[in-house]
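[1] Quick one, what's the 3D model for this:
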Amino acid sequence: MPIDTSGFPFPKRQGPSREQREAEATKEAIAFRAEVWRRHGGRDRATGEPLSKTDPNPRYRGEVCHLKGRLVMPEWLTDPDHAILLSAENHWWSDGRGGYLLKMLDPKTGEPATDATKPIRFIRSTRSGQILWQRTTGIRA
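    As a prediction, the model looks like this:
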């Protein structure tokens, strides 16, 4: 026999269920990543090398990289205009795991890049600050 909860001091849940919200978020994330892969033609934005979604080698496995962290700019979480395709290795160098040794900058202002539809200057350096390589790339259409 079900318990009558009508007298409990909490309201009944309204709106979509948790499962429905998660399914919608998953669809949105899949579409977001597909758009970034399509826009970059499956190539690393920093190096131009072809990438795979399943290659075990991080140099050839592609990952979608947010230009600003997902926690810093949560409203950009699924906006493809604020994400680029990088190899897993370059993605690692570009964030805290790799010590931010791959910088992604706006070539006109020198500020951190925020728009993936515009050219980006990539600068890869050592911990001591020596520049290993730098490139400015636009979108490959």
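[2] which stretches of this protein have low pLDDT?
    Low-confidence segments of the chain, defined by pLDDT under 70: 1, 5-14, 16, 140-141.
[3] So which residues of it form strands?
    Taking DSSP state E as the criterion, the chain contains strands spanning 62-66, 83-87, 102-105, 120-125, 131-137.
[4] Buried deepest among those strands, which one?
    Comparing the strands of the chain by mean neighbour count (mean count of other CB atoms under 10 Å), strand 83-87 ranks first with a mean of 25. For every residue, glycine as well, the C-beta is placed using N, CA and C.
[5] burial measure for residue 112, as a count.
    Neighbours of residue 112 under the rule other CB atoms under 10 Å: 12.
[6] in the sheet, who's paired with the nearest residue to it once chain neighbours are set aside?
    Leaving aside its sequence neighbours, residue 112 sits nearest to residue 105 (CB to CB, 6 or more residues apart in numbering; 6.2 Å). Beta bridges link residue 105 to residue 112, residue 121 when assigned by DSSP bridges.
[7] Spit out the contact partners of residue 105.
    Contact partners of residue 105, counting by CB atoms under 8 Å, 6 or more residues apart in numbering, are 111, 112, 113, 120, 121, 122, 123.
[8] any idea how far residue 118 is from it?
    When distance is defined by CB to CB, to the nearest Å, residue 105 is 11 Å away from residue 118.
[9] Now stretch 17-33 - C-alpha only, PDB.
    This file holds the C-alpha atoms of stretch 17-33, laid out as PDB (Å, rounded to 0.1, in the frame of the first residue of the first chain):
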ATOM      1  CA  SER A  17      12.400  14.200 -14.200                       C
ATOM      2  CA  ARG A  18      16.100  13.800 -13.400                       C
ATOM      3  CA  GLU A  19      16.400  11.200 -16.200                       C
ATOM      4  CA  GLN A  20      14.800  13.500 -18.700                       C
ATOM      5  CA  ARG A  21      17.100  16.400 -17.700                       C
ATOM      6  CA  GLU A  22      20.200  14.200 -18.000                       C
ATOM      7  CA  ALA A  23      19.100  12.800 -21.400                       C
ATOM      8  CA  GLU A  24      18.600  16.400 -22.700                       C
ATOM      9  CA  ALA A  25      22.000  17.500 -21.400                       C
ATOM     10  CA  THR A  26      23.600  14.400 -23.100                       C
ATOM     11  CA  LYS A  27      22.000  15.200 -26.400                       C
ATOM     12  CA  GLU A  28      23.100  18.800 -26.200                       C
ATOM     13  CA  ALA A  29      26.700  17.800 -25.300                       C
ATOM     14  CA  ILE A  30      26.800  15.300 -28.200                       C
ATOM     15  CA  ALA A  31      25.600  18.000 -30.700                       C
ATOM     16  CA  PHE A  32      28.100  20.500 -29.200                       C
ATOM     17  CA  ARG A  33      31.100  18.200 -29.700                       C
END
